[in-house]
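> Just to be clear, the model below is a prediction. Sequence and coordinates:
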Amino acid sequence: MAITQSNNHPLDPATPEELALAVELVRKQYEVPLHFKCGGLEEPPKKVLQKYLQAEHAGETPEPVNRWVFMMYYIKRTPRLFEVIVDVTAGRIVHQKELPRTHHAPVDRIELNEAAQVALADETVKAELERCDLGDNVVVVDPWDYGKDDENEQRRLTQIFFYTRNPKNNDPASNHYAFPLDFMVIVDLIEMKVVKICHLPLGAEEITTKHTGPRKVGNPEEPEYDHRLQSKPARTTLRPLQVIQPEGASFTLTGRLIEWEKWRFRVGFNWREGMVIHDAWFDNRPIFHRLSMSEMFVPYGDPRDPLHRKGAFDLGNVGAGITANDLSLGCDCLGLIAYLGGHVVNANGEVVAKNNAICIHEVDAGIQWKHTNHRTGQASVVRKRQLQLQTIITVANYEYIFYWVFDQSGEIEFETRATGILSTTPIDPANKDKIAFATRVGDGVLAPYHQHIFNLRIDPAIDGDNNTISYVDSLPMERDSKLNPYGTGYITKETKITESGTAQTDPYKNRIFKISNPDKINPVTLNPVAYKLVPIASQVLLAAQDSWHNRRSHFTDAPIWVTKYKDRELFPAGDYTNQSSGGEGIRDWVARKDNVENTDVVLWHTYTFTHNPRPEDFPIMPAEFVRIALKPVGFFNYNPTMDVPPSTQAVNKSTAYDPTLQVGADGVLSSTLNGLSVNGSDQHATGSCCKK
Ligand SMILES: [Cu+2]
């Protein structure tokens, strides 16, 4: 029964065999059908893991570590929810518990599709659709995770919004978010029946009066994003830009281990966090133990019932691994690409491959450093090469793109992009009311304000596990007749965080957060070696402090959190976020008031896109993005990129601009290249090569 011959690294994602075995061992205990919600690697306790990693880094053969799988499941069609940890090396269950009824597992696609069919078959829904008078216009349903708003509501629910295909084309690929209908329903997922039907506001009114007439459909100027359906042909002015590495990649990928330009780290993957970076070292020195996007909350600002329930935890309620895209060569990722994936468990307990969930490639990021000696006229210049790991998730209407970017300078950046389609609600095209909490983005289409609140979990290991976090402000020096008589001086002031808690960002003080190792002194600066977090200064949660949104999303009301490391504290809004009642998560962890000085600490950074939609975000949103930086600050003795070879034309082979190859004023290319026609319209088919 057990998988005894396992050569898997303790940080490798759960394999299909391990997941299948875990499902089998759980199923064996029951004679009733089970509804599986998730399954993935349960990472070893840090002490066990550190022993393994230390041996590995010392070049010894580490003692194998038993592999564990974590899962959540229901007894099918009941509210009975369990979590389990299966030791798949030993073939036995090591932890199993039934959760209280206040706890709910994530949504899953199989179940939501079933709920959508139930809604469409419901007699009251049919009557509503008849009232809407849609003719042959096809209805599209959009199930959402249900936002808790009532202490006593413990049923497992989903809220379903209704749209139609574009009435002008009725095409399955049309953008239904441009054609919202004026009602929604709530479906009980255990009874599998519609339990409530609500009409949606069609203007600025506080309360929705029951709609009696047909739907009020708008006529947006450009509702479609699919190139085949757009009203205008694609532009023809772009010439190809290709990324070529004629001698191959500079990185090596061995299993899940990546080595590149003095970096060495492992790439994990699980259903919830998706891509995870483990055990990151630079030039044989440990820097970060674990880096992950830990949670996301997307609360909506339209306060009106039933729209006040829109608030989704995209990791805990759905999963960044579950929703990871199958990335494709030449579409999502340009250049010389390596891919990594993983496996998840679906509702039926089947193992599903998430192929190409992560793409890995090098990018040229401009200049790393340059100086021209004006006395000799000689320039020294080095280009900035980076290694980029990208994952893209699709959570219903939205896409999020996450990148870990490793730089030759020892810097790491984390980039977050938001794109995809706004979650929309209808507005009467004839209505001219001013709406304070939403934007009209197209005729008949209202896009409520909302926030995308992210939390990045940083488990540092700056030259070892015992680190201290402080913040450093740049401040004007006090006037002093001897030292600062002209008032021109300024200083930095470092404040240690000694007890677990929160801290504020402060762009007016140029505040950065320093992670240092007090036991390792840099011989140049005479200060402890350190990295700094350059945070994103952004808004915290705008919903009221006593709101359900606030209660449920522990990490959203402060930008910086510092905790003492504890096994299994990975998810700052709690392990169970779907329909959660709140009261579990990082606020409890910091309330322990642990000593966090020169010990194993975790730094958590919350940052926000406050997204007040623009018409330019419609019908699809140009990616919004921010980058968080983790930079060495007195970790090295001098610039770690000194040994990067100079940038030369002999290697880079760039070409000079040729006016005979330019695009004509009519948008058509005017010359030929290598005897081939380069007429723009031939070069750019409107179809996409990207996989669906
Ligand atoms: Cu948004």
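Right, received. Where do you want to start? Treat the numbers as computed from the prediction; the structure is a model and nothing was measured. Numbering: from 1, shown residues only.
> Run through the bridge partners of Asp459.
Per DSSP bridges, the residues bridged to Asp459 are Arg290.
> From His278, how far out is it?
Applying CB to CB, to the nearest Å, the value for Asp459 to His278 is 9 Å. Quick note: C-beta positions are derived from backbone N, CA and C, even for glycine.
> and for those two, which residues touch both?
Residues within reach of Asp459 and of His278 at once, by CB atoms under 8 Å, 6 or more residues apart in numbering, are His289, Arg290.
> In three-state terms, label Tyr508 for me.
Following DSSP: H, G, I helix; E, B strand; the rest coil, we place Tyr508 in the helix state.
> And for Tyr486?
In three-state terms, and counting by three-state DSSP, Tyr486 is coil.
> Quick one, grab the pLDDT at it.
In this model, Tyr486 is scored at 98, pLDDT.
> cool, Phe406 as well?
Reading off the model, Phe406 has pLDDT 98.
> got the contact list for it?
By CB under 8 Å, 6+ apart, the neighbours of Phe406 are Trp260, Glu261, Trp263, Phe265, Gln386, Leu387, Gln388, Leu389, Ile412.
> Find the nearest non-adjacent residue to the fourth one, please.
With CB to CB, 6 or more residues apart in numbering as the criterion, Phe265 has its nearest non-adjacent residue at 3.9 Å, and that residue is Ala280.
> and if you look at the second one?
Leaving aside its sequence neighbours, Glu261 sits nearest to Gln408 (CB to CB, 6+ apart; 4.9 Å).
> mind listing what that neighbour touches?
So Gln408 contacts Glu261, Lys262, Gln368, Lys384, Arg385, Gln386, Pro640, Thr641, Val644 (CB under 8 Å, 6+ apart).
> For the last one, what is the enclosing helix or strand?
Yep, that's Val644 we're talking about. Per DSSP states H and E: Val644 is located in neither a helix nor a strand.
> Model confidence for it, exactly?
On the pLDDT scale, Val644 gets 98.
> how close does it get to Pro528?
Val644 sits 27 Å away from Pro528, taking CB to CB as the criterion.
> of these two, who's got more company?
Set side by side, Val644 and Pro528 show more neighbours around Pro528, with 22 against 17, by other CB atoms under 10 Å.
> which residues does the closest residue to that one other than its chain neighbours bridge with?
What sits nearest to Pro528 in space, not counting adjacent residues and going by CB to CB, 6+ apart, is Ser516, at 4.0 Å. For Ser516, the beta-bridge partners are Thr468, Ala530 (DSSP bridges).
> Can you report how many residues neighbour Ser516?
Residues near Ser516, counting by other CB under 10 Å, number 27.
> so who does it touch?
Ser516 neighbours (CB under 8 Å, 6+ apart): Ile462, Asn467, Thr468, Ser470, Asn527, Pro528, Val529, Ala530, Tyr531.
> what is the mean pLDDT for stretch 348-361?
Averaging pLDDT along stretch 348-361 gives 98.
> Can you get me the centre-to-centre distance for it and its chain?
16 Å (CA atoms, centre = their mean, to the nearest Å).
> quick one on the thing from earlier: can you check the pLDDT for the residue nearest to Pro528?
98.
> now swap in the one 5 residues further on and tell me
The per-residue pLDDT reported for Ile521 equals 98.
> Around it, count how many other residues there are.
Ile521: 14 neighbours (other CB under 10 Å).
> Asp473 now?
The burial count for Asp473: 15, using other CB under 10 Å.
> Helix or strand: which one has the residue nearest to Phe265?
Using DSSP H and E, Ala280 sits in strand 274-282.
> for Tyr607, same thing?
Tyr607 belongs to strand 599-611, assigned by DSSP H and E.
> again, but for Gly319
Per DSSP H and E, there is no helix or strand for Gly319.
> Distance-wise, check it relative to Val107.
From Gly319 to Val107 the distance is 9 Å (CB to CB).
> what do you get for Trp561?
Relative to Val107, Trp561 is positioned 27 Å away (criterion: CB to CB).
> Who has more neighbours out of the two?
Val107 (26 against 23).
> Would you confirm that the more buried one contacts Gln159?
No: look at Val107 against Gln159 with CB atoms under 8 Å: they stay out of range, at 10.8 Å.
> Need the overlap of contacts for the two.
With CB under 8 Å, 6+ apart as the test, Val107 and Gln159 both reach Pro143, Asp145.
> Let me know the closest of the contacts of Gln408 to Lys354.
Gln386 (24.8 Å; CB to CB).
> A strand includes that closest one, no?
Yes: assessed with three-state DSSP, Gln386 lies in a strand.
> and it, what are its bridge partners?
Beta bridges link Gln386 to Val363, Asp407, judged by DSSP bridges.
> before we move on, back to that, please check the contacts of Gln408 and keep the buried ones.
Glu261, Lys262, Gln368, Lys384, Arg385, Gln386, Pro640, Thr641, Val644 (16 or more other CB atoms under 10 Å).
> can I get the residues you listed in JSON lines with distance to Thr78?
Shown next, in JSON lines, are the buried ones among the contacts of Gln408 (distance: CB to CB, whole Å):
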{"residue": "Glu261", "distance to Thr78": "53"}
{"residue": "Lys262", "distance to Thr78": "54"}
{"residue": "Gln368", "distance to Thr78": "59"}
{"residue": "Lys384", "distance to Thr78": "56"}
{"residue": "Arg385", "distance to Thr78": "55"}
{"residue": "Gln386", "distance to Thr78": "50"}
{"residue": "Pro640", "distance to Thr78": "57"}
{"residue": "Thr641", "distance to Thr78": "59"}
{"residue": "Val644", "distance to Thr78": "60"}
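> And those residues, which is closest to Asp171?
Nearest to Asp171, judged by CB to CB, of the buried ones among the contacts of Gln408 is Gln386 at 39.9 Å.
> Relative to Ala629, how far out is that closest one?
For Gln386, the distance to Ala629 - CB to CB - is 12 Å.
> And Pro214, by the same measure?
According to CB to CB, Pro214 stands 54 Å off from Ala629.
> Ala22 now?
As judged by CB to CB, Ala22 and Ala629 stand 38 Å apart.
> of those two, who's got more company?
Neighbours were counted for Ala22 and for Ala629 using other CB under 10 Å; Ala22 has more, 30 against 18.
> so the more buried one sits in a helix?
Yes: counting by three-state DSSP, Ala22 is located in a helix.
> check contacts around it.
Ala14, Gly39, Val69, Met71, Val84, Val86, Val88.
> Thr556 now?
Phe297, Pro299, Ile453, Val540, Leu541, His549, Asn550, Thr606, Thr608.
> In three-state terms, label the nearest residue to it once chain neighbours are set aside for me.
Excluding the flanking residues, the one nearest Thr556 by CB to CB, 6+ apart is Leu541, at 3.9 Å. Per three-state DSSP, the local secondary structure of Leu541 is coil.
> doesn't Gln451 make contact with Leu541?
Yes: here Leu541 reaches Gln451: they are 6.8 Å apart, a contact under CB under 8 Å.
> and for the two, which residues touch both?
Phe297, Pro299, Thr608.
> Considering these, which possesses the most neighbours?
Most surrounded of those: other CB under 10 Å gives Phe297, at 29 neighbours.
> Report the distance from the helix or strand it falls within to the chain centre.
Per DSSP H and E, Phe297 falls inside strand 285-299. Here strand 285-299 is found 10 Å from its chain centre; the criterion is CA atoms, centre = their mean.
> Tell me the buried residues in stretch 82-102?
Phe82, Glu83, Val84, Ile85, Val86, Asp87, Val88, Thr89, Leu99, Thr102.
> which residues sit in contact with Glu273?
By CB under 8 Å, 6+ apart, the contact set of Glu273 is Ser292, Met293, Ser294, Leu315, Ala320, Gly321, Leu570.
> Would you format those residues as CSV with pLDDT and neighbour count included?
Below are the contacts of Glu273 laid out as CSV (pLDDT from 0 to 100; neighbours: other CB atoms under 10 Å):
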residue, pLDDT, neighbour count
Ser292, 98, 26
Met293, 98, 24
Ser294, 98, 26
Leu315, 97, 30
Ala320, 98, 27
Gly321, 98, 27
Leu570, 98, 19
